[in-house]
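In: Need coordinates for the below:
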Amino acid sequence: MGESRPIPEYRHILVTQVGDVTVVRFRDQKIIEDISIQEWGQELLSLVDVDNRQKILLNFTGVEFLSSAALGKLITLNARVRARSGSLKLCGIRPEIYEVFQITKLNRVFEIYTDESEALSAF
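Out: Take a look at the predicted model:
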C-alpha cells in the first residue's frame, strides 16, 4: 500500500489516504450525543457525496461506545457508498461494540475486519 497522506480537518473524524483507500479514524471515544452524531454523519457522508470517495475504511480503534443513532448513520453511509459502486469496510471494533453488530445482524451487512492491515488488503 502507498504512503498515508492527511486530508483536510474535520471536527469528528481524522481522514488519511492509503493508496486509493480513504481511512477514517474517530476523534471521539464515545459517539452518543445527538448533535455530535448529526455532525459525524454529515462528515462521513461528505466523503462520498462531496469528495466522491469510492473505497472507505472506518477504523474504530479507540471508540468505546457507539449509540444506535450512530449505527443508523453507518447504515446510511453504507447505502450511499454502494449506490456509487463503492466499498465500505470496518475494522478495530471492540468486542462489546461488535456484540451490538451481531445482535442487530449488522455484522451481515458490513464487512468487518480485525485490524487495518487486514481490511486494507481486502479492498
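
In: State the helix or strand in which residue 79 lies.
Out: Per DSSP states H and E: residue 79 is located in helix 68-83.

In: again with residue 39
Out: helix 34-49.

In: Just checking: what are the partner strands of whatever helix or strand comes next after that helix?
Out: Of the helices and strands lying after helix 34-49 in sequence (DSSP H and E), the nearest is strand 55-59. In the sheet, strand 55-59 lines up against strand 21-26 (parallel), strand 87-91 (parallel) (DSSP bridges).

In: now residue 47: how far from residue 95?
Out: 27 Å (Cβ to Cβ, to the nearest Å). Any C-beta I mention is one placed from the backbone N, CA and C, and that applies to glycine too.

In: Of those two, which one has the most company?
Out: Neighbour comparison, residue 47 and residue 95: the larger count goes to residue 47, with 23 against 6 (by other Cβ atoms under 10 Å).

In: can I assume that one is in contact with residue 17?
Out: No: with contact defined as Cβ atoms under 8 Å, residue 47 does not reach residue 17; the gap is 11.0 Å.

In: Looking at the strands paired with strand 55-59, spot the one closest to residue 69.
Out: Closest to residue 69 of the strands paired with strand 55-59 is strand 21-26 (Cβ to Cβ; 14.7 Å).

In: The closest one versus helix 68-83: what angle between them?
Out: 170 degrees (axes from the mean of the first three to the mean of the last three Cα atoms, to 10 degrees).
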